[in-house]
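A.B. asks: I'll drop the sequence and a predicted model, then ask my questions.
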Protein chains: 2
Amino acid sequence: MHLSRYFLPVLRETPKEAEIVSHQYMLRAGMVKQASAGIYSWLPMGLRVLNKIADIVREEQNRAGAIEVLMPTIQSADLWRESGRYDDYGKEMLRIQDRQERDMLYGPTNEELITQIFRDSVKSYRDLPRNLYHIQWKFRDEIRPRFGVMRGREFLMKDAYSFDLSEEDGRKSYNRMFAAYLRTFARMGLKSIPMNAETGPIGGDLSHEFIILAETGESQVYGHQDLFDGDIPPADLDFYGDLTPVVDQWTSLYAATDEMHDAARFEAEVPADKQVSARGIEVGHIFFFGTKYSDPMGCRVQTPDGDMANIQMGSYGVGISRLAGAIIEACHDDKGIKWPVPVAPFEVGLINLKAGDEGTDTACGAVYEQFTNAGIEILYDDTNERAGGKFATMDLIGLPYQIVIGPKGLKDGQAEVTDRQTGAQESISLDTVANVIAKRVKQQRLLV
Amino acid sequence: MHLSRYFLPVLRETPKEAEIVSHQYMLRAGMVKQASAGIYSWLPMGLRVLNKIADIVREEQNRAGAIEVLMPTIQSADLWRESGRYDDYGKEMLRIQDRQERDMLYGPTNEELITQIFRDSVKSYRDLPRNLYHIQWKFRDEIRPRFGVMRGREFLMKDAYSFDLSEEDGRKSYNRMFAAYLRTFARMGLKSIPMNAETGPIGGDLSHEFIILAETGESQVYGHQDLFDGDIPPADLDFYGDLTPVVDQWTSLYAATDEMHDAARFEAEVPADKQVSARGIEVGHIFFFGTKYSDPMGCRVQTPDGDMANIQMGSYGVGISRLAGAIIEACHDDKGIKWPVPVAPFEVGLINLKAGDEGTDTACGAVYEQFTNAGIEILYDDTNERAGGKFATMDLIGLPYQIVIGPKGLKDGQAEVTDRQTGAQESISLDTVANVIAKRVKQQRLLV
């Protein structure tokens, strides 16, 4: 992509309304623009990140056997009256009357709708287990939306729903999502820790939050150091095999958020030199709630004995739009964002230090084409801006590799390359730079 | 994908509420399920089609130089008061009050929001032209939603918005979308004809509807036979070159919908043996409306002379969810859907006539793996259903190629292959069937 034809409205000043670094950088780097309180438009750079996050989530859901559907944003209030949650949900639910004066709502989550779909479609235990997920916009009318996309009102969530005949099978489905989540966040360059969690308005008695660490995290978390270096399940994990060892490994050591923290237990169970206390951000939340929805909504199947049984269900959320902010919270310095390759909007940034000069134009054009032919996503700054501005923008938007070509290097046949992650700089010959950097990029696309 | 682990709730009976064939088949083939009046959940088969349609639209928008963004579904009423459309829009607009009692709405279209984004970001003619598009759910509160996804209330639309300095440049942007649309629909296996159209609530004085022909189309259309065999612009079209010849070729002959039809002109301009009168479905609509939004909303740039000028704008819609229905209207028989390869949910269907039999299981497993390794999307019916049911389902869901393997063919080392489009049947040896059919599928992926 040539920057001269792109849409990247960078801000030089930090907008006053942005309290945390991810919000500041997302606005400054032209990733998002506020449309209303807690509601954002995703500009081209932001949308590319959002799509990469969603694609990773999707791949790992599919790997774990979940099947993608897409439910609508607007739901009928009557459906929520079946589960009893219409009155429970409070003012966070955006309630709507349509022109026929029917009560509708903008879905904050989808337990009711997916239960209805499943109830009307599946009649026999033979069609279990199933896990259906979708990636769709949700709305929660937060009284005080803040922190940009980290706590917006309209937000993109992946929510999966598992359906099983027995509680035992339901826990297997839960474990599959548990393992899938470890892989999902690791693939984005994040270390996530599952922590026991309260179940809140979703319900049930088994629940884990997946927390990533970031200095600017929203809540205090406590855990055993060894968890932070835990093994991520491999890509060829047999999701239908026994996943107890994976879950045990990640739940046997102490880990808790503020809400669930037990200081005495922490002191007793974790050796002093292994005690970690840090700030964390919730990026995923999984629940097993048995028959909480299937029972009142009549979602039953015939069992092998010919009886009818309520289906055992769980639900599994990932905050896709929130992750864009969370990754920045975890990956930045004082100049801007440092994207891990798998979620970077472009993998390489190319700066022409003297756009309009025949020599640098030709050299940049050749390097650009070599990267493109190698299947690397590259943003080429071919504008007339002065060098200082170009460097500042490139640091701000945080592409993993920066390639700079100017008249001076050109004389020696060299490009200057900066690794945004490490800050390491090196000169590489113009002939080989695309080849060398493309290889590094490809190695980093799959982190686990 | 193994059908035994998939989610494909097929209906044997035609649901009474479905008046037209696409609605009937989408319900029966487990593609969608109604959530509320005019609001649908997309089940796995339907979502795959929806995504393929969206991907084709996206590729052709990108090819024409448009840049993808994503605006939210919920918008502020104040923004629509700036353009004057908040009061104009009537009851089709879903109006909402949030918990702070602010007037909000579910966007039926996005002229106002994109104009605001552009106004706040772009200050100079140097940053023109630009075309920004998004693919997002819209809501129009139709008084009588009907025909399934063809006239739903919540629907997925691609809408693009062009920004130019002069009217002349604006028309060039319009022509780029005109050419892109011809390619877009042709790639889905559809013949689309651009027809002069009324501009309605969007405004402006230049507008074309893109109409596809289908016996069950919603409106009568009239045109010159030669248009129906017109040339589709090639993939390597220079979208920044002169596109007048493309537009002229497609607009010089008579073509009009009911609304705009002039019987006297039709008779006078079109020779009797070239007169086509048929049913049509609108799948795209493009508008050039100059300064209708930029003027009241103050979307201006500095010109080369240092003056300020209102930006010239156009907007360009494609009904993505509607197209899923429209393609079925154009491509079906009395047994079910006949998907063109580029939009088929899977490209090949494989039927095991005796699931559980070691011979057929092994043969099917090998063929399935060969297709998968060849990069072909295959749905494998490995269930215990009786043969008749399997055939009926496969015809209904309309995958382009059906491969049948049973004990009888197995003895001769043969698979039976049916081309769903032509109905042609042939025996192909088990060793080569994947290779032969994969080649045909790949040839049909890119129709233009």
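C.D. replies: Looks like it came in fine.
A.B. asks: of all the residues in the stretch 51-200 of chain A, which one is nearest chain B?
C.D. replies: Proximity of the stretch 51-200 of chain A to chain B (C-beta to the nearest C-beta) peaks at A:Ser121, 3.6 Å away. C-beta: built from backbone N, CA, C; applies to glycine.
A.B. asks: identify the residue nearest that residue in space, chain neighbours excluded?
C.D. replies: Closest residue in space to A:Ser121, ignoring its immediate chain neighbours: B:Pro9 at 3.6 Å, by C-beta to C-beta, 6 or more residues apart in numbering or on different chains.
A.B. asks: do A:Ile337 as well
C.D. replies: In space, A:Ile337 is closest to A:Gly398, 3.1 Å off (C-beta to C-beta, 6+ apart).
A.B. asks: which ones are touching the residue nearest to A:Ser121?
C.D. replies: When contacts are counted by C-beta atoms under 8 Å, 6 or more residues apart in numbering or on different chains, B:Pro9 touches A:120-122, B:30, B:33, B:43.
A.B. asks: burial of A:Arg440, as a residue count?
C.D. replies: By other C-beta atoms under 10 Å in any protein chain shown, 15 other residues sit near A:Arg440.
A.B. asks: what residues does the stretch 51-200 of chain A put near chain B?
C.D. replies: Residues of the stretch 51-200 of chain A found near chain B (C-beta under 8 Å from any C-beta of the partner chain) are A:65, A:67-76, A:91-92, A:94, A:96, A:98-99, A:102, A:104, A:106, A:113, A:116-117, A:120-122, A:130, A:132, A:137, A:139, A:141, A:143, A:153-154.
A.B. asks: select from these every entry located in strands.
C.D. replies: A:67-68, A:74-76, A:94, A:96, A:104, A:106, A:130, A:132, A:137, A:139, A:154 (DSSP state E).
A.B. asks: which two of those have the greatest separation?
C.D. replies: Pairwise distances across those (C-beta to C-beta) peak at 30.5 Å, for the pair A:Ile96 and A:Arg130.
A.B. asks: is it true that the residue nearest to A:Ser121 lies in a strand?
C.D. replies: No - looking at B:Pro9 with DSSP: H, G, I helix; E, B strand; the rest coil, it is coil, so not inside a strand.
A.B. asks: are any of the contacts of B:Pro9 buried, and if so which?
C.D. replies: Applying a neighbour-count criterion of 16 or more other C-beta atoms under 10 Å in any protein chain shown, the buried members of the contacts of B:Pro9 are A:121-122, B:30, B:33, B:43.
A.B. asks: using JSON lines, lay out the residues you listed together with distance to A:Lys191 and pLDDT.
C.D. replies: JSON lines is the format used below for the buried ones among the contacts of B:Pro9 (distance: C-beta to C-beta, whole Å; pLDDT from 0 to 100):
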{"residue": "A:Ser121", "distance to A:Lys191": "39", "pLDDT": "96"}
{"residue": "A:Val122", "distance to A:Lys191": "38", "pLDDT": "96"}
{"residue": "B:Gly30", "distance to A:Lys191": "40", "pLDDT": "98"}
{"residue": "B:Lys33", "distance to A:Lys191": "39", "pLDDT": "98"}
{"residue": "B:Leu43", "distance to A:Lys191": "36", "pLDDT": "98"}
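A.B. asks: just these: which are in helices?
C.D. replies: Using DSSP state H, the subset of the buried ones among the contacts of B:Pro9 located in helices is A:Ser121.
A.B. asks: what's the closest of the buried ones among the contacts of B:Pro9 to A:Ser321?
C.D. replies: Using C-beta to C-beta, B:Leu43 is the member of the buried ones among the contacts of B:Pro9 that lies nearest A:Ser321, at 24.5 Å.
A.B. asks: do stretch A:342-358 and chain B come into contact?
C.D. replies: No - Stretch A:342-358 is not in contact with chain B by C-beta under 8 Å from any C-beta; minimum separation 11.9 Å.
A.B. asks: list the buried residues for that stretch?
C.D. replies: Across stretch A:342-358, burial judged by 16+ other C-beta under 10 Å covers A:342-355.
A.B. asks: got the end-to-end distance for that stretch?
C.D. replies: 34 Å (C-alpha to C-alpha, to the nearest Å).
A.B. asks: you'd agree A:Asp205 is up against A:Thr199?
C.D. replies: Yes - between A:Asp205 and A:Thr199 there is a contact under C-beta atoms under 8 Å: 6.8 Å.
A.B. asks: looking at these two, which is more packed in?
C.D. replies: Counted by other C-beta under 10 Å, A:Asp205 and A:Thr199 do not tie: A:Thr199 has more neighbours, with 15 against 10.
A.B. asks: need the nearest residue in space to that one, chain neighbours excluded.
C.D. replies: Per C-beta to C-beta, 6+ apart, closest to A:Thr199 is A:Ser207, 4.6 Å.
A.B. asks: looking at strand pairing, list the partners for the one you found.
C.D. replies: A:Phe287 (DSSP bridges).
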